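Undergrad: structure here, sequence nowhere to be found:
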């Protein structure tokens, strides 16, 4: 990685960046089977059914996952799988994270973030850069 990489140009997908959605996509991507049932996801992620439903709907609307409702063994079943679009979005997100990690390891610690970026602004704290 080049030492002068401008980290502010990274396009971290805000949809994936939310913790619950990140966990859902990571869980699906790391699964040996292409589809997971709703209850398996809920239990595996330690999520409430309500929160999981909301996050799955958001990911489905973005085209990152597909949801199929059907009967399995005469019981209602909701299957969730990642789409090709979701796999691509997750790959791009991971690539951006790798750039950030590589810049930290190379000692670049925020040097290329513009002074007005949200990341640099948060360094100032509530009383400015000198803590006055």
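TA: Right, received. Where do you want to start? Since the structure is predicted, the reported quantities are computational estimates derived from the model, not experimental observations.
Undergrad: all contacts plus neighbour counts: C-alpha atoms, from now on.
TA: OK.
Undergrad: what is the burial count for residue 24?
TA: Residue neighbour count, defined by other Cα atoms under 10 Å, stands at 23 for residue 24.
Undergrad: now the one 4 residues further on
TA: Each residue near residue 28 was counted by other Cα under 10 Å, and the total is 19.
Undergrad: dump the residue contacts of it.
TA: Shown in contact with residue 28 (Cα atoms under 8 Å, 6 or more residues apart in numbering): 34, 35, 36, 81, 82.
Undergrad: quick check: which element contains the third one?
TA: Spelled out, it's residue 36. Counting by DSSP states H and E, the element that carries residue 36 is strand 35-37.
Undergrad: who does that strand pair up with?
TA: Note on strand 35-37: by DSSP bridges, its sheet partners are strand 75-82 (antiparallel).
Undergrad: next secondary structure after the strand it pairs with?
TA: Assignment by DSSP H and E places the next element after strand 75-82 at helix 84-105.
Undergrad: buried ones in the strand holding residue 36?
TA: For strand 35-37, the buried set under the neighbour-count rule, 16 or more other Cα atoms under 10 Å, comprises 35, 36.
Undergrad: following element in sequence after that strand, please.
TA: Assigned by DSSP H and E, the successor of strand 35-37 is helix 38-45.
Undergrad: distance between that next one and the chain's centre?
TA: Here helix 38-45 is found 17 Å from its chain centre; the criterion is Cα atoms, centre = their mean, to the nearest Å.
Undergrad: who does that helix touch, helix- and strand-wise?
TA: If you count contacts as 3 or more Cα pairs under 8 Å, 6 or more residues apart in numbering; DSSP states H and E, helix 38-45 packs onto helix 19-30, strand 75-82.
Undergrad: same list (these) but as a markdown table, adding mean pLDDT and distance to residue 10.
TA: Below are the helices and strands packed on helix 38-45 laid out as a markdown table (pLDDT from 0 to 100; distance: least, Cα to Cα, whole Å):
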| stretch | mean pLDDT | distance to residue 10 |
| --- | --- | --- |
| helix 19-30 | 97 | 17 |
| strand 75-82 | 97 | 23 |
